[in-house]
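In: sequence plus the predicted model coming up.
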Amino acid sequence: MARAKAVFRSILPFLLGLPVLFAIQSVTPPDYALILVSVGVNVVLAVSLNVVNGFTGQFSLGHAGFMAVGAYTAAKITTGLVGVDLPFVPQAFSDQAIFALALSAGMATAALAGFLVGMPSLRLRGDYLAIVTLGFGEIIRSVIENMKTLGQATGLSGLPPRTNLVWVGVSAIATVVMARRLAVSTQGRALFAIREDEVAAEAMGVDTTGYKVRAFVISAAYAGLAGALISHAILLATPRMFTFVRSIEVVVMVVLGGLGSITGSIVAACTLTIALELLREFQAYRMVVYAILLIALMLLRPQGIFGTREIWDLAIVRRLFRTRQLAATGPAGASPTEVRDDSTKGVV
Amino acid sequence: MSAPLEAKSVTMRFGGLKALSEFSLVMEPGELVGLIGPNGAGKTTAFNAITGVYTPSEGEVRVSGELVNAQRPHEICGKGVARTFQNIRLYKQLTALDNVRVACHARATSGFFDALFLTARHRTEESRILSRAEEYLKVMGLSHRRDEISRNLPYGEQRRLEIARALATGPKVLCLDEPAAGMNAAEKVELMQLIRNIRDRFGISILVIEHDMRLVMGVSERLLVLDHGVTIAQGKPEAIRKNPKVIEAYLGDAYLEEKHIAITPEGAR
């Protein structure tokens, strides 16, 4: 019984999210679907990169490399198994099952790549780590560019159209849930400790190298998921999709939203992706406006939109929920700081 | 039963400089030992060698009989040696509670998998950590600061929070690096009383570095005096006070300097 309850709590965000996602899926016109897909994929990318750059304070610039690993792995599986049907089930279901397998495989190989890259490079700090991860990202890309089985520079095309809003939505929820659960757990606090003071974290019993590698591996796995999703939405996987510029885009989202803030990453990923689409009408000035937007934001709020805080830490949101939380915490005279984000802990 | 902490002729060399030579110390359970010496005597170097920040050039460090020379600080911490830092090293942006909770992690058994899938083990672990952390905050008189960002705490409370954090790792030996630095006289006396209480309450051994001779003599049962990396004396406080070598290296210098400054108020040497 207790076990069933634990499982229920564990998957609750997905149970709540799925009907909404199916509803969105059915009402979204196909023209807008691709924009929503890229919003969702960017949420996955930004939130997962935040685990390394924001939570752990290790500046990684190689996210696109892990995307590429995930994308190519998944693409190889779906194109290889095209036309293969599982027995006794409808074809549509069989396709989705194969896609689920492809996504998982993409995550797994990206995680493995994260481990291989992370082990040697996470001994470095700051600028050095940034340069090394950038280098590894580019190495992954040029390895792909030179492999015949992966289509070299032209990449793989003719991927089956498997990505839909439900898959993207579930992936985004999974990423946010991962980050949120990590943030309120003892493992997550160990990551924060590494960010705040590595020497002290080490002295207080945190295996700093081990935890950095673990954060890196988790982050890489979700990057692989994002890569697999986007390649099955545009039905293409080419090395040019996963250049260093793509990594920078994600870093911009994380920094803009606020390093360490999950809501910040989500908001920044959504606004930047949509802003780029809206600016498409002004073709020539698009990147200029985009750049000015970024510069202005960094000048006005260098710590990012949310800083390290979450949306439920903001005074206005807190006031909205205050009466309920006071009732929940019990003793009178509880100061506002004492009624922190306990209400959200149960859900996520 | 071997001693909780033992250093056997530990030597630390940095290039040509011998920062610490032949440092030996056996900590008995429940003992309070003071480590004193003038600036640059090698006190913090001794701490760093014991806690794994440095690997000793020569000699052995043993925790409960186990050789830990080549181990990393987090491993040594896991074996039961915790420390504080001379220049406070709190996790500045985290709350007081979270600072202590991170330290409780040293004894946690759940992993990333448990955290991501909210297993039963994870939840019992979290509630255990929370109650333990709150208890340590209470012991150090910081309960009212529970949810304050540690950077915003007054200096004295930051020092105490650092001790709470070190205690939360569940140590057998607690090493305090100048816990009273920057405090006024009244606060120092209070702190020394607190250190005694911690020892009595948790039954752990405490090794404390302190500049203030009078203070450290009042609180510790045994003293070790370092000068230029060499242990020049050790024993009971009364004996140390009369030891001519110590007076010359430490008290004498300080005394003379004081006198000198008193004669020439403009500070000319």
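Out: Sure thing, it's come through.

In: helix, strand, or coil at B:Leu137?
Out: Assigned by DSSP: H, G, I helix; E, B strand; the rest coil, the conformation of B:Leu137 is helix.

In: does it touch B:Arg165 like I think?
Out: No - look at B:Leu137 against B:Arg165 with Cβ atoms under 8 Å: they stay out of range, at 9.8 Å. For every residue, glycine as well, the C-beta is placed using N, CA and C.

In: find residues that contact each of these two.
Out: B:Val100 (Cβ atoms under 8 Å, 6 or more residues apart in numbering or on different chains).

In: need the residue closest to the centroid of chain B.
Out: B:Leu176 (1.7 Å; Cα atoms, centre = their mean).

In: quickly find the element holding it.
Out: Following DSSP states H and E, one finds B:Leu176 within strand B:173-177.

In: what backbone torsions are found at A:Leu81?
Out: Main-chain dihedrals, A:Leu81, degrees, to the nearest 10: phi -100, psi 10.

In: let me fix that: B:Val61
Out: phi -120, psi 130.

In: quick one: contacts for it?
Out: Shown in contact with B:Val61 (Cβ under 8 Å, 6+ apart): B:Leu5, B:Glu6, B:Ala7, B:Lys8, B:Val10, B:Ala49, B:Ile50, B:Leu67, B:Val68, B:Asn69.

In: helix, strand, or coil at the nearest residue to the fifth one once chain neighbours are set aside?
Out: I take that to be B:Val10. Ranked by Cβ to Cβ, 6 or more residues apart in numbering or on different chains and with sequence neighbours excluded, the top spatial neighbour of B:Val10 is B:Gly59, at 3.7 Å. Three-state secondary structure (criterion: three-state DSSP) places B:Gly59 in strand.

In: was I right about B:Gly59 contacting B:Glu6?
Out: No - B:Gly59 lies out of contact with B:Glu6 (Cβ under 8 Å); the separation is 10.5 Å.

In: where does the record place the domain boundaries for chain A?
Out: Annotated domains of chain A cover A:2-242, A:319-348 [automatic domain parsing].

In: the first one vs chain B: in contact?
Out: Yes - taking Cβ under 8 Å from any Cβ of the partner chain as the criterion, domain A:2-242 and chain B are in contact, through A:2-3, A:6, A:9-10, A:178, A:181-182, A:185-190, A:192-193, A:196-197, A:199-208, A:214, A:218.

In: tell me who's in contact with A:Val51.
Out: Applying Cβ under 8 Å, 6+ apart to A:Val51 gives the contacts A:Met178, A:Ala179, A:Leu182, A:Leu191, A:Ala215, A:Ile218, A:Ser219.

In: does it count as helix, strand or coil?
Out: Recorded secondary structure, A:Val51: helix (three-state DSSP).

In: ok, now B:His211?
Out: Of the three states, B:His211 takes coil under three-state DSSP.

In: what's the pLDDT at it?
Out: pLDDT, B:His211: 76.

In: isn't it up against B:Glu178?
Out: Yes - between B:His211 and B:Glu178 there is a contact under Cβ under 8 Å: 6.6 Å.

In: and the next element down the chain from the helix or strand hosting A:Ala200?
Out: For A:Ala200, the element it lies in under DSSP H and E is helix A:198-203. Going down the chain from helix A:198-203, the next helix or strand is helix A:208-231, by DSSP H and E.

In: measure how far that next one is from the centre of its chain, please.
Out: Relative to the centre of its chain, helix A:208-231 is centred 8 Å away, using Cα atoms, centre = their mean, to the nearest Å.

In: note down every partner strand of the helix or strand following it and its orientation.
Out: Downstream of helix A:208-231, the next assigned helix or strand under DSSP H and E is strand A:236-237. When pairing is defined by DSSP bridges, strand A:236-237 lines up against strand A:156-157 (antiparallel).

In: average pLDDT for the strand it pairs with?
Out: For strand A:156-157, mean pLDDT is 82.

In: next one: stretch B:71-83
Out: The average pLDDT within stretch B:71-83 is 89.

In: now stretch A:41-59
Out: Averaged over stretch A:41-59, pLDDT sits at 91.

In: what comes up buried for it?
Out: By 16 or more other Cβ atoms under 10 Å in any protein chain shown, the buried positions in stretch A:41-59 come out as A:41-59.

In: equivalent analysis for stretch A:96-107, please.
Out: A:Gln96, A:Ile98, A:Phe99, A:Ala102, A:Leu103, A:Ser104, A:Ala105, A:Gly106, A:Met107.

In: and the last one, that one's in a helix?
Out: Yes - according to three-state DSSP, A:Met107 belongs to a helix.

In: tell me who's in contact with it.
Out: Taking Cβ under 8 Å, 6+ apart as the test, what A:Met107 contacts is A:Gly70, A:Ala221, A:Tyr222, A:Gly224, A:Leu225, A:Ala228.

In: what about the spatially closest residue to B:Cys77 that is not a sequence neighbour, how many neighbours?
Out: Leaving aside its chain neighbours, B:Cys77 sits nearest to A:Gly205 (3.9 Å; criterion: Cβ to Cβ, 6+ apart). A:Gly205: 27 surrounding residues under other Cβ atoms under 10 Å in any protein chain shown.

In: residues contacting A:Gly205?
Out: Residues in contact with A:Gly205 (Cβ under 8 Å, 6+ apart) are B:His74, B:Cys77, B:Gly78, B:Ala103, B:His105, B:Ala106, B:Arg107, B:Thr169.

In: adding neighbour count, secondary structure and distance to B:Ala133, write those residues out as JSON lines.
Out: Listed next are these as JSON lines, based on neighbours: other Cβ atoms under 10 Å in any protein chain shown; DSSP: H, G, I helix; E, B strand; the rest coil; distance: Cβ to Cβ, whole Å:
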{"residue": "B:His74", "neighbour count": "24", "secondary structure": "helix", "distance to B:Ala133": "19"}
{"residue": "B:Cys77", "neighbour count": "27", "secondary structure": "helix", "distance to B:Ala133": "16"}
{"residue": "B:Gly78", "neighbour count": "18", "secondary structure": "helix", "distance to B:Ala133": "18"}
{"residue": "B:Ala103", "neighbour count": "34", "secondary structure": "helix", "distance to B:Ala133": "8"}
{"residue": "B:His105", "neighbour count": "25", "secondary structure": "helix", "distance to B:Ala133": "10"}
{"residue": "B:Ala106", "neighbour count": "21", "secondary structure": "helix", "distance to B:Ala133": "12"}
{"residue": "B:Arg107", "neighbour count": "15", "secondary structure": "helix", "distance to B:Ala133": "11"}
{"residue": "B:Thr169", "neighbour count": "25", "secondary structure": "coil", "distance to B:Ala133": "11"}
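
In: nice, that's everything, thank you.
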